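**Q** prediction below, plus the sequence it came from.
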Amino acid sequence: MSFVLDVTSMITYLSDLPGSDIVEEILENAANGKARVYVNYITLSELYQVIGLEFSVRKANEIVATVKRWPVSLIPVEEGVALTAGRLAAEEEISLLDAIAVATAMDLGAALVTTSRRIGEIFDDTIILSERT
């Protein structure tokens with residue numbers, strides 16, 4: 001099985017919020033070769049921004065270093081994914097960052113791990129971690 005982590009799923013895991021156990025299990029399966037986990041560089045950038053604004057750039061650097069040690073594949077956003085994301089953002093009226101995560105999962109045939117019920121409404125292969133919107 002393949003999974004794409006969005007920024008909310010990474011923050012859930014890093015903050016030990018409800019649903020972090022699901023992300024932990026996914027990462028353990030990836031470490032054991034039972035799953036593939038992807039994070040695109042735009043999502044990593046979004047995580048950096050969120051942590052940098054909430055805490056500090058130093059903390060953001062530490063968190064990014066931590067994520068790079070996870071059993072995930074960091075991947076670029078290719079043209080097809082970028083254009084699909086733009087279309088999704090326009091048609092579904094979601095943020096471009098959310099649309100990039102969805103388009104990445106669609107491109108890889110992977111499940112998207114998120115806390116967003118809204119994303120679950122537009123992308124069937126979604127694992128929703130909590131009640132957040």
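**A** Yep, that arrived. Here the structure is a predicted model, which means the values were calculated and not measured.
**Q** now for the helix or strand containing residue 67, which elements pack on it?
**A** In this assignment (DSSP states H and E), residue 67 forms part of helix 57-69. Taking 3 or more C-beta pairs under 8 Å, 6 or more residues apart in numbering; DSSP states H and E as contact, the helices and strands that helix 57-69 lies on are helix 7-14, helix 41-54. Just so you know, the C-beta spots here come from the backbone N, C-alpha and C atoms, and that holds for glycine as well.
**Q** so of the ones you listed, which one's packed in deepest?
**A** Most buried of these, by mean neighbour count (mean count of other C-beta atoms under 10 Å): helix 7-14, with a mean of 23.
**Q** for that helix, list the C-alpha coordinates in PDB.
**A** Coordinates of each C-alpha in helix 7-14 appear next as PDB, following Å, rounded to 0.1, in the frame of the first residue of the first chain:
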ATOM      1  CA  VAL A   7       1.000  18.700   6.400                       C
ATOM      2  CA  THR A   8      -1.900  18.100   8.900                       C
ATOM      3  CA  SER A   9      -1.000  14.400   9.200                       C
ATOM      4  CA  MET A  10       2.700  15.200   9.800                       C
ATOM      5  CA  ILE A  11       1.700  17.800  12.500                       C
ATOM      6  CA  THR A  12      -0.700  15.300  14.100                       C
ATOM      7  CA  TYR A  13       2.100  12.800  14.300                       C
ATOM      8  CA  LEU A  14       4.800  15.300  15.500                       C
END
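**Q** run through who's touching the helix holding residue 67.
**A** By C-beta atoms under 8 Å, 6 or more residues apart in numbering, the surrounding residues in contact with helix 57-69 are 10, 14, 39, 44, 47-49, 51-52, 74.
**Q** would you turn the helices and strands packed on helix 57-69 into CSV with distance to residue 129?
**A** As requested, those are exported to CSV (distance: least, C-beta to C-beta, whole Å):
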stretch, distance to residue 129
helix 7-14, 5
helix 41-54, 15
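**Q** between the ones you listed, which gets nearest to residue 94?
**A** helix 7-14 (12.8 Å; C-beta to C-beta).
**Q** that concludes my questions; thank you for your assistance.
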